[in-house]
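In: from the sequence below, what's the structure:
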Amino acid sequence: MCHIVMWDVAGTTPEQRARAIATVQREFEGLRGRIPGMTSLEIGVDTSRISYACDVVLVTQFESVDALEAYATHPAHLEVRDRLEGLRIGRHQVDYPVAQRKAD
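Out: Residues are numbered from 1 along each chain as shown. Modelled structure (predicted):
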């Protein structure tokens with residue numbers, strides 16, 4: 001399963017927004033290796049600066065739907081979510097199954 005979440009961050013100045021983005025990035029990177037069933041985690045920061053772009057994207061993959069569901073209530077994830085309260089002001093999410101590719 002692939003789990004993608006995109007956020008806009010709070011801040012009225014570029015410096016405030018940059019600090020919020022760095023905090024979101026650091027917090028989610030801290031989950032690497034701590035969530036059973038999570039097979040990959042990538043967090044990216046938008047460089048386009050176009051008006052409709054989100055500030056940050058999280059792309060994770062999980063072994064199964066069950067692993068993704070367990071992530072939602074995992075204590076480490078909940079701690080991150082709580083620490084980021086108020087920094088993330090807009091949220092978009094997509095979850096979808098990843099097709100297994102055949103070896104060549």
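In: just the pLDDT at Gln93, thanks.
Out: What the model reports as pLDDT for Gln93 is 97.
In: can I assume it sits in a strand?
Out: Yes: counting by DSSP: H, G, I helix; E, B strand; the rest coil, Gln93 is located in a strand.
In: need the three-state assignment for the most centrally placed residue in the chain.
Out: The centroid of the chain falls nearest to Leu58 when counting by CA atoms, centre = their mean (2.8 Å). The three-state label given to Leu58 by three-state DSSP is strand.
In: which residues sit against the helix ranked longest in the chain?
Out: Counting residues, the longest helix found in the chain (DSSP state H) is helix 14-29. When contacts are defined by CB atoms under 8 Å, 6 or more residues apart in numbering, helix 14-29 is touched by residues 7, 9-11, 41, 43, 45, 55-56, 58, 80, 83-84, 87-88. C-beta coordinates here come from the backbone N, C-alpha and C atoms, glycine included.
In: quick one on the thing from earlier: tell me what the residue nearest to the centre of the chain is bridged to.
Out: With beta bridges defined as DSSP bridges, Leu58 has these partners: Val5, Ile43.
In: now do the contacts for it.
Out: Contacts of Leu58 by CB under 8 Å, 6+ apart are 3-7, 28, 41-43.
In: measure it to Val24 for me?
Out: 8 Å (CB to CB, to the nearest Å).
In: go on, Cys2?
Out: 19 Å.
In: pick out whichever of those two has more residues nearby.
Out: A count of neighbours by other CB atoms under 10 Å puts Val24 above the other of Cys2 and Val24, at 22 against 14.
In: distance of that one relative to Pro97?
Out: Val24 is 26 Å from Pro97, by CB to CB.
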